Structure formats: C-alpha cells, structure tokens
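Novice: fold the stuff below for me.
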Amino acid sequence: FYQSSNLLKKIEIDLVYMRYIKYAPFFGALLSRYKVCMEINGDDKLEARLRSNLVYYYICLTENLVLKNVDAFIPVSYELEEKYKRFDRSSLVIGNGINVSNYHVIELNNKVPELVFVSSPNQPWQGFDKILKMAKYFHNWNFNIIGIDGDSKGNVKYFGYMSNKDATEIIQKCDVGIGTLSSYVNGLDEASPLKTRHYLACGLPVIYAYKDTDLDDNLDFTLRLENKIDNINFKIIERFVQRVFGDNCLRYRARKEAEDTLNSNLKESQRLNFFNKIINS
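Specialist: Now for the predicted structure:
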C-alpha cells in the first residue's frame, strides 16, 4: 500500500486494467479515483468455493464493493459475460489468443497416432483421468503428457513441467492435441484455453469438451465432445483420429484458423480500442 501511494504520486493513470481482487478498504478507495476495466477469466465465486467456504462467503459479501467501481468488463467468454450483466456495464468478449508467428507447422509421417495433452497437476476440470482411460483403450496410440509428472509406461509418456519452447517441440511432432475434458467441474460450458490455441498454432487437430469462444463446432479439424462425466465416446474419437491422422493439408488448415481467428495481435488491437472507448466515455 505504501509503495502504491508513491507510485500514484509519480504516474498519471488513465485506466486501471485488472482481474478480480478481493475487497480491502484502501483498494476500493483507490479504484474509485480512476476508470477501471476488469478482465473476467473465470467464475471467481465458484473457484473460491472449491477452495474455501470462508473465502467464498467473503467474496459474496464484498463483491459489490469492488465491482461498483468497475466501468467495463472484458470477459474471455460469452458465458462469463452473462454472469456480470446484472452490473449493467460496458463489456467486450475477447477469448484467449496466441502469438501465432512464434509457431510453425511440421509435416509428419508418424507410424501410429501421437496425441498430446498439456495440463497441470491437481486441476480436476482438465480431465486427466479421462486421458488415462483413452490410453488404456487405444493401446496402439501414443499419449504424450506435458505438465504432469509420472512414470512413463507402455503408450503413456510423461514429460513433466517444460518451458514453452520445449513443449512446442513435443507438440509439433504430434498428430492430435487434447484440450480440457471436464469443464463441468467448474460449472462452465464455454472456454478458450491457451493449450488449444497452442495446438492449432502448430497445426494440430484438436479434441475438447466445451464450447470454444472462438471456434466453430463444425470445423473438420476439431472434435467437440459433450461436457459431462461420461463423455469419452471411444468410437467417435477413433473415427476422428483415423480421419485426421497423416493429413498434412489438414494441419495447414488448422494453422490458418489460428492465424485468422486466434492471433493475439488481432485480439490486443480489439482490447486497446475498447480501452480508448472507456477512457473517452
């Protein structure tokens, strides 16, 4: 708080851009002095309830004290936008993007399908348990797991935490990328996960189980499963993987979609234009 006071004396602030921060009296007073835009990346109350009832009830009691000072919202999905419409603020949905120019497509000639899943430990909404079910059923396919430690056995290989550069080298050599499979755990049906953007920027067809904010469900390089507990339909997955396996032309179409729809340059231009509207309103 002391350092913030010094900062405010030296910098003229036009706009505060923030994610939700739990209420504190001095923080509310600080926000009341400026135009404020809040990015909404998730349902903060629901996520708090999964961790601590005490934090959940505190947010319920104090949420309005923070949000009354917010002038506009930038949700990452239309579903999240609906949750905040009661505050009657300007909003612009901008799904997560990726700097596509940092990635490229490698043409493959793998003997068997190579699938990749990027995740983090202790995040049940990612659906890691379903990856293991798939690996057991599709014993002739290889499953590469990035971000989670484990003992590599059979057709499952664990790489643990990796830098973006090293992870990209693994992803580019795979045929299919697997996105989030259990979003229902978080009470959400729509998302724009970074890993899916990473896959597509590298030209990988993708499998996921949610409504993607930016992607059409009917694209020939995407397979959207139902967002429910028993959503691993082995026959549908098998048909999709067999169809896309070895199709390098399809990889370039997936990459083109990333360039046209998911590129962070386009998304940040939209964000900056929205900032200017807030400042000038």
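
Novice: surely V116 is in contact with L204?
Specialist: Yes: in this structure V116 lies within contact range of L204 using C-beta atoms under 8 Å: 7.4 Å. Bear in mind the C-beta positions are built from the backbone N, C-alpha and C, glycine included.

Novice: which one's more surrounded, the two?
Specialist: L204 (30 against 26; other C-beta atoms under 10 Å).

Novice: now do the same contact list for that one.
Specialist: V116, I171, C174, D175, V176, G177, R251, A254 (C-beta atoms under 8 Å, 6 or more residues apart in numbering).

Novice: that older thread, shared neighbours of V116 and L204, which are they?
Specialist: Jointly contacting V116 and L204 under the rule C-beta under 8 Å, 6+ apart are I171, C174, V176, G177.

Novice: and the helices in this protein?
Specialist: With DSSP state H, the ranges of helices along the chain come out as 2-10, 25-31, 44-51, 53-67, 78-83, 128-137, 164-172, 194-201, 234-244, 248-257, 264-280.

Novice: for the second one, which positions count as buried?
Specialist: What that stands for is helix 25-31. Within helix 25-31, the residues that count as buried by 16 or more other C-beta atoms under 10 Å are F27, L30, L31.

Novice: packing partners for that helix?
Specialist: If contacts are counted by 3 or more C-beta pairs under 8 Å, 6 or more residues apart in numbering; DSSP states H and E, helix 25-31 sits against helix 53-67.

Novice: now the fourth one
Specialist: Contact partners of helix 53-67 among helices and strands, from 3+ C-beta pairs under 8 Å, 6+ apart: helix 25-31, helix 44-51.

Novice: which residues does the residue nearest the centre of the chain contact?
Specialist: The centroid of the chain falls nearest to P193 when counting by C-alpha atoms, centre = their mean (1.8 Å). Residues near P193 by C-beta under 8 Å, 6+ apart: N96, G179, T180, Y208.

Novice: can we see that at 10 Å?
Specialist: Listed by C-beta atoms under 10 Å, 6 or more residues apart in numbering, the contact partners of P193 are 76, 95-96, 118, 126, 179-180, 183, 199, 206, 208, 210, 212-213.

Novice: mind checking how far stretch 171-189 is from the chain centre?
Specialist: 9 Å (C-alpha atoms, centre = their mean, to the nearest Å).

Novice: so how far is the first residue of that stretch from its last?
Specialist: From its first residue to its last, stretch 171-189 covers 25 Å (C-alpha to C-alpha, to the nearest Å).

Novice: thanks again, I'm all set now.
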